[in-house]
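1. Here is my input, please return the structure:
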Amino acid sequence: MDKYIKAPIDKKDTAGLRAGDYVYITGTVYTARDAAHKRMYDILAEGGDLPIDLAGQVIYYMGPSPAREGRVIGSAGPTTASRMDKYTPQLLDLGMGAMIGKGKRSPEVIEAIKRNGAVYFAAVGGAGALLSKCITASEVVAYDDLGTEAIRKLTVKDFPAIVVIDSEGNNLYETAIKEYCQAEEAKG
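-> Predicted coordinates:
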């Protein structure tokens, strides 16, 4: 089912999403990858404050390529989400509402998604040039020294993604495999 959602996202919206739903996200999304996640983790361990308020925020695991002339951002495809799994439960517990990436998540992340009523979206890998067309503004808001891994504030319009893990822990990667195996068995 196609759904149009606003970012930041609230728990009412995440509760209405189901694994397998196609969503189009409009609003503010932040980027953060490995280096930014480690820095946030270290800051929290030292008792410091994060550079952004995570409440309801959607974090996109993406490091853009340089923008071509006339564009706000270069290619903007997702990176492998599992690289952030060590840090994700803590960020979810601090109020992060959703993540966008590609690939599977650890059992600890899935439990934190359920505990916090969050969701995990997948964006199509290899489609970074197309995805960048949904980004209407981009600005570095923290950790500029990290280059492409700096935290960026993106303004997106109808950014396409698929709900992979919903707020109840339903996991499209698992259910799709089961459905495929059942269909193959039925073929005989």
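
2. From here on, just use CA atoms for contacts and neighbour counts.
-> OK.

3. show me what contacts G63?
-> T31, A32, R33, A76, G77, P78, T79, T148, E149 (CA atoms under 8 Å, 6 or more residues apart in numbering).

4. Pick the one among those closest to V141.
-> T31 (9.8 Å; CA to CA).

5. per-residue pLDDT, the closest one?
-> pLDDT, T31: 96.

6. again, but for A183
-> 67.

7. next one: A176
-> pLDDT at A176 comes out at 63.

8. Also the one 3 residues further on?
-> pLDDT, the model's per-residue confidence, is 64 for E179.

9. show me the contacts for D158.
-> Y4, Y24, I25, T26, C134.

10. Now for those residues, which sits with the most neighbours around it?
-> Among the contacts of D158, I25 has the most neighbours (other CA atoms under 10 Å), with 23 neighbours.

11. Show me what the helix or strand containing Y4 is in contact with.
-> Y4 belongs to strand 2-7 when assigned by DSSP states H and E. Outside of strand 2-7, the residues within contact range by CA under 8 Å, 6+ apart are 13, 21-29, 56-58, 158.

12. And those, which is closest to N171?
-> D21 (11.5 Å).

13. Quick check: that closest one vs A161, distance?
-> 9 Å (CA to CA, to the nearest Å).

14. ditto for L17
-> 12 Å.

15. Mind checking which of those two has more residues around it?
-> L17 (24 against 21).

16. can I assume the more buried one sits in a helix?
-> No - per DSSP: H, G, I helix; E, B strand; the rest coil, L17 lies outside any helix segment and is coil.

17. now the angle from the longest strand anywhere in the chain to strand 2-7?
-> Across the chain, the longest stretch assigned as strand under DSSP state E is strand 151-165. If you take axes from the mean of the first three to the mean of the last three CA atoms, to 10 degrees, strand 151-165 sits at 150 degrees to strand 2-7.

18. Numbering from 465 from now on, please.
-> Renumbered: residue one is now 465, and that last one reads strand 615-629.

19. mean confidence score for strand 615-629?
-> Rounded mean pLDDT across strand 615-629 is 96.

20. on that earlier part again, centre of the chain versus the strand holding Y468, how much separation?
-> 14 Å (CA atoms, centre = their mean, to the nearest Å).

21. Tell me which strands that strand pairs with, and in which orientation.
-> Here strand 466-471 has these sheet partners by DSSP bridges: strand 486-495 (parallel).

22. Only alpha carbons, please: show the partner strand as PDB.
-> Output in PDB follows, covering the C-alpha atoms of strand 486-495 (Å, rounded to 0.1, in the frame of the first residue of the first chain):
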ATOM      1  CA  TYR A 486       5.600   1.800   0.000                       C
ATOM      2  CA  VAL A 487       6.000   5.200   1.500                       C
ATOM      3  CA  TYR A 488       6.800   8.700   0.100                       C
ATOM      4  CA  ILE A 489       8.500  10.900   2.700                       C
ATOM      5  CA  THR A 490       8.200  14.700   2.600                       C
ATOM      6  CA  GLY A 491       9.900  17.000   5.100                       C
ATOM      7  CA  THR A 492      13.200  17.000   7.000                       C
ATOM      8  CA  VAL A 493      15.600  14.000   7.000                       C
ATOM      9  CA  TYR A 494      19.100  13.900   8.500                       C
ATOM     10  CA  THR A 495      22.000  12.000   7.100                       C
END
